[in-house]
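Enquirer: generate coordinates for the sequence data below:
(2 chains)
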Amino acid sequence: DSGVTQTPKHLITATGQRVTLRCSPRSGDLSVYWYQQSLDQGLQFLIHYYNGEERAKGNILERFSAQQFPDLHSELNLSSLELGDSALYFCASSAPPTSGSREQYFGPGTRLTVT
Amino acid sequence: AQSVAQPEDQVNVAEGNPLTVKCTYSVSGNPYLFWYVQYPNRGLQFLLKYITGDNLVKGSYGFEAEFNKSQTSFHLKKPSALVSDSALYFCAVRDIRSGGGADGLTFGKGTHLIIQP
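Expert: A predicted model of the protein is given here:
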């Protein structure tokens, strides 16, 4: 168990709908990263938040957005869903840079199925 | 832009034999390198990392990896494979100077490791 939690584990929804995925980082970690894993695109970095502020964006669609709250949990919002958005969405967290560690610890993921 | 190549989709090894899973990378500056393992319907588990220092790094479950700057490689190795090592392995890179969008990890496509009894 990495200490990163994600809810829900599974989500089934219809095209055009909006969903929210939730992530709680490991205790003490300030960074939260979101990744998408699909068969055709592999594992892709979406977005990074550090202590409530957006730090970097990767291949995140404009229909997707995220935020990190004062208690450091993060939510990934996916809207106007398309069939191609079906994927595993992972959240990861990492310790502050001053710790010297650079690895990210991944949650169990949320499997999103868009029908 | 940074990239990772894992040239083998699948590696088959007999139990007890040594295993190698290959990874090459490309970054503008110096890399942070990582190996992760994914079991079916599970998240990614961190195995080991190269940040700086000794080129041979040791990680979890008896795995090790060798950083080779001239060949831009970071191959994963284990002296004696176990059936329980069968899983999907990902190599990942992050440029030390990353920012402005290149902040997350860039992953390879993954290598299925199959250990035969």
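
Enquirer: residues in contact with residue 17?
Expert: With no chain named, the answer covers chain A. A:Gln17 is in contact with A:81, A:114, counting by C-beta atoms under 8 Å, 6 or more residues apart in numbering or on different chains. C-beta: built from backbone N, CA, C; applies to glycine.

Enquirer: my question was about chain B, not that one.
Expert: Residues in contact with B:Asn17, defined by C-beta under 8 Å, 6+ apart, are B:80-81.

Enquirer: now it: how far from A:Asp85?
Expert: For B:Asn17, the distance to A:Asp85 (C-beta to C-beta, to the nearest Å) stands at 41 Å.

Enquirer: kindly report the same for B:Val93.
Expert: For B:Val93, the distance to A:Asp85 - C-beta to C-beta - is 26 Å.

Enquirer: and if you look at A:Gln41?
Expert: 11 Å.

Enquirer: more neighbours, those two?
Expert: When neighbours are counted by other C-beta atoms under 10 Å in any protein chain shown, A:Asp85 comes out ahead of the other of A:Gln41 and A:Asp85, with 21 against 12.

Enquirer: got phi/psi on that one?
Expert: Backbone torsions for A:Asp85, taken as degrees, to the nearest 10, come to phi -80, psi -10.

Enquirer: quick check: buried residues in the host helix or strand of A:Leu88?
Expert: Here A:Leu88, judged by DSSP states H and E, is contained in strand A:87-94. Neighbour-count burial for strand A:87-94, with 16 or more other C-beta atoms under 10 Å in any protein chain shown as criterion, is recorded at A:87-94.

Enquirer: from those, which are also near chain B?
Expert: For chain B, the contacts drawn from the buried residues of strand A:87-94 by C-beta under 8 Å from any C-beta of the partner chain are A:90, A:92.

Enquirer: by mean pLDDT, flag the weakest helix or strand of chain A.
Expert: When the helices and strands of chain A are scored by mean pLDDT, DSSP states H and E, strand A:53-57 comes last with a mean of 92.
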